[in-house]
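**Q** Whatever this is, show me its structure:
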Amino acid sequence: MHDRFQGSHSTEDAAAVAAFERAVAAVAAHRPLAGAALDEAVAHDPAFVAAHALKGFAALMLGRVELLGPAADAARAARAALGQGAAPTRAEDALVRALEAAVAGRFLAAAVVLEARLRFEPLNFLLLKLSHALRFMAGDAPGMLAATAAVVPEWRPDAGGAGYVYGCHAFALEEAGQFRAAERFGDLALALAPDDAWGLHAVSHVDEMEGRVSEGIARLEGTRSLWSRCNNFQFHMAWHLALLHLEAGEGETALHIYDDEIRPQPTDDYRDVANAASLLWRLKLAGIGVAGRWDELIEIGKRRTHDTTLVFASLHYLLALSAAGERSAARATLEAWRDTVAQGAGDQARTAGDVGLDLARVIVGEDGRRPDYAGIARRLPAIGGSNAQRDVFLQTLAHRARDAEDWRALGDILAVRRQQRWADSFERRMGATVQHCVA
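**A** Numbers count the residues shown, from 1 in each chain. Predicted structure coming up:
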């Protein structure tokens, strides 16, 4: 059977497929209840391969060590389901093999498996969405764009999921600095799928990168009915709104958004923590007090000192620990990553060895000899996330280079930022410092 997102399944249970469609729709629109829909699909057909696989991917993408076991269980269930009932489809086989690679810590290899199948099934939305997410987390923006660019010409606006595909392409274009094309595809995504928060997100990135502060604020305020119904992605959209207000010189407004919309509840989802820690750190760098808002983030950072699931997550925990001077917990995090690098298993160990540990030492203030600040800045995309998310680390590197009076490094870091965005207030402040000190 086929679902309305062009996924092919060996099951003949229409009710299972209908439940799975609801799960995929929730994933596409960043809406809650995807998990409940997957449970329903498996209840109708315990051998529903794609439902088991999507459960596993969902667990992995939460980036927490305690969910690696459930992800592995889902991979085993999906593999067992392949051998039951009707002959599996090739898309099902690709999902299982990709999940097994991802469970082993090889996100990029998993994306390759999915994209190999996409060459034969370019309209299979789920394969593309998972590939997109994996490459995003693994810090492969060029691969993310290559994957969407390869399939977009095959899509027609009336195909199921077309709007969400265009939203993925819009985001990949934005990360590559192709802002006009990104905005065009983002607008098209929203025209076809008015609930496409990811497409809206892509255009909001363009607003930020091009310095369209007032327009960006108006866009996000005008689309609250869309993004406020999302799962925890609504916290991330509010984070973008707060950044725009901060750029507008409205730090108090940014803090109000933090309290009411970014951190209304103390979750330990790494994405929520990243939103919170990075905004508070930016406020700290700007000299704006944040009172006791670090406290609950510090406790999460302490609990996660030995969780080396994702470099990106650990670096944000370190922001909280460093802001509070929690040197013992910060050192424990560094030691855990040193051990992971020494063991050398998976993409994240390689990322930590290439850039993560060097950046972590800068954040913690245990650099030893003067580090290569500019080199870290150039290698930064490997940690994953977006240009907007990683900017907190570029700003940190710039501050450390300035404090070390390493003017060449500071200039190089600012040049890296200029490749991604307009000359914002941070650029102007730091650029003036460079000009003054080298004059």
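**Q** doesn't residue 297 make contact with residue 326?
**A** No: Residue 326 lies out of contact with residue 297 (C-beta atoms under 8 Å); the separation is 10.6 Å. Glycine gets a C-beta too; all of them are placed from N, C-alpha and C.
**Q** Between these two, which is the more surrounded one?
**A** residue 297 (24 against 21; other C-beta atoms under 10 Å).
**Q** Common neighbours of residue 326 and residue 297, please.
**A** Listed contacts common to residue 326 and residue 297 are residue 320; contacts here mean C-beta atoms under 8 Å, 6 or more residues apart in numbering.
**Q** Show me the shaky parts of the stretch 251-400 of the chain.
**A** Within the stretch 251-400 of the chain, the stretches with pLDDT under 70 are 367-368.
**Q** Tell me where it has helices.
**A** Secondary structure of the stretch 251-400 of the chain (DSSP state H, counting those that start in this stretch): helices at 251-257, 270-285, 295-303, 311-323, 327-343, 346-351, 357-364, 373-379, 387-403.
**Q** what's the angle from the third one to helix 270-285?
**A** Helix 295-303 and helix 270-285 are oriented at 120 degrees to each other (axes from the mean of the first three to the mean of the last three C-alpha atoms, to 10 degrees).
**Q** List the buried residues in helix 295-303.
**A** For helix 295-303, burial by neighbour count (16 or more other C-beta atoms under 10 Å) applies to 296-298, 300-302.
**Q** What's the local residue count around the closest residue to residue 155 other than its chain neighbours?
**A** Nearest-residue entry for residue 155: residue 162, 5.1 Å, with adjacent residues in sequence omitted and distances by C-beta to C-beta, 6 or more residues apart in numbering. Using other C-beta under 10 Å, the number of residues around residue 162 comes to 19.
**Q** now do residue 261
**A** 18.
**Q** so which helix or strand takes in the residue lying closest to it once chain neighbours are set aside?
**A** Using C-beta to C-beta, 6+ apart and skipping the chain neighbours, the partner closest in space to residue 261 is residue 238 (3.6 Å). According to DSSP states H and E, residue 238 maps onto helix 233-247.
**Q** Between helix 270-285 and that helix, find me the angle.
**A** Going by the same axes, to 10 degrees, helix 233-247 makes 10 degrees with helix 270-285.
**Q** what's in contact with helix 233-247?
**A** 30, 197, 200-201, 204-205, 207-208, 211, 213, 216-217, 220-221, 227-228, 230, 251, 253-254, 257-258, 261-264, 271-272, 275, 278-279, 282-283, 286, 388, 424-425.
**Q** repeat for stretch 156-163
**A** 4-6, 24, 28, 123, 125, 155, 188-193, 196, 199.
**Q** How about stretch 86-99?
**A** Under C-beta under 8 Å, 6+ apart, the answer for stretch 86-99 is 7-12, 49-50, 53-54, 56-57, 60, 71, 74-75, 78-79, 82, 110-111, 113-114, 116-117, 120-121, 124, 126-127, 130.
**Q** give me that answer again for 7 Å
**A** 7-10, 49-50, 53, 56-57, 75, 78-79, 82, 110, 113-114, 117, 121, 124, 127 (C-beta atoms under 7 Å, 6 or more residues apart in numbering).
**Q** out of the residues you listed, which are buried?
**A** 7, 9-10, 49-50, 53, 56-57, 75, 78-79, 82, 110, 113-114, 117, 121, 124, 127.
**Q** hmm, back to that, next step: the contacts of stretch 156-163 restricted to helices.
**A** Of these, the ones assigned to helices by DSSP state H are 24, 28, 125, 188-192, 199.
**Q** Among these, which one lies nearest to residue 361?
**A** Nearest to residue 361 among these: residue 199, at 37.7 Å, using C-beta to C-beta.
**Q** Just list the residues touching that closest one, thanks.
**A** By C-beta under 7 Å, 6+ apart, the residues touching residue 199 are 163, 166-167, 170, 186, 189-190.
**Q** at 6 Å instead, please
**A** 167, 170, 186, 189-190 (C-beta atoms under 6 Å, 6 or more residues apart in numbering).
**Q** Farthest pair within these?
**A** 170 and 190 (9.3 Å).
**Q** Pick out whichever of those two has more residues nearby.
**A** Neighbours were counted for residue 170 and for residue 190 using other C-beta under 10 Å; residue 170 has more, 31 against 22.
**Q** got the contact list for that one?
**A** Going by C-beta under 6 Å, 6+ apart, residue 170 touches 182, 185-186, 189, 199, 202.
**Q** got a winner among the residues you listed for most neighbours?
**A** In the contacts of residue 170, the most neighbours by other C-beta under 10 Å go to residue 199, 31 neighbours.
**Q** which of the residues in stretch 311-331 are buried?
**A** Result for stretch 311-331 [16+ other C-beta under 10 Å]: buried residues 311-324, 326, 329-330.
**Q** For the protein, which residue occupies the most central location?
**A** In the chain, the residue lying closest to the centroid (C-alpha atoms, centre = their mean) is residue 385, at 4.2 Å.
**Q** Not counting its neighbours along the chain, what's nearest it?
**A** Of all residues not flanking residue 385 in the chain, residue 312 sits nearest, at 5.3 Å (C-beta to C-beta, 6+ apart).
**Q** show me where the stretch 1-150 of the chain has helices.
**A** 14-29, 34-44, 49-60, 68-82, 90-103, 107-118, 125-138, 141-151.
**Q** For those helices, give me JSON lines that also has distance to residue 342 and mean pLDDT.
**A** Listed next are these as JSON lines, based on distance: least, C-beta to C-beta, whole Å; pLDDT from 0 to 100:
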{"stretch": "helix 14-29", "distance to residue 342": "36", "mean pLDDT": "98"}
{"stretch": "helix 34-44", "distance to residue 342": "36", "mean pLDDT": "98"}
{"stretch": "helix 49-60", "distance to residue 342": "23", "mean pLDDT": "98"}
{"stretch": "helix 68-82", "distance to residue 342": "19", "mean pLDDT": "97"}
{"stretch": "helix 90-103", "distance to residue 342": "21", "mean pLDDT": "98"}
{"stretch": "helix 107-118", "distance to residue 342": "21", "mean pLDDT": "98"}
{"stretch": "helix 125-138", "distance to residue 342": "21", "mean pLDDT": "98"}
{"stretch": "helix 141-151", "distance to residue 342": "27", "mean pLDDT": "98"}
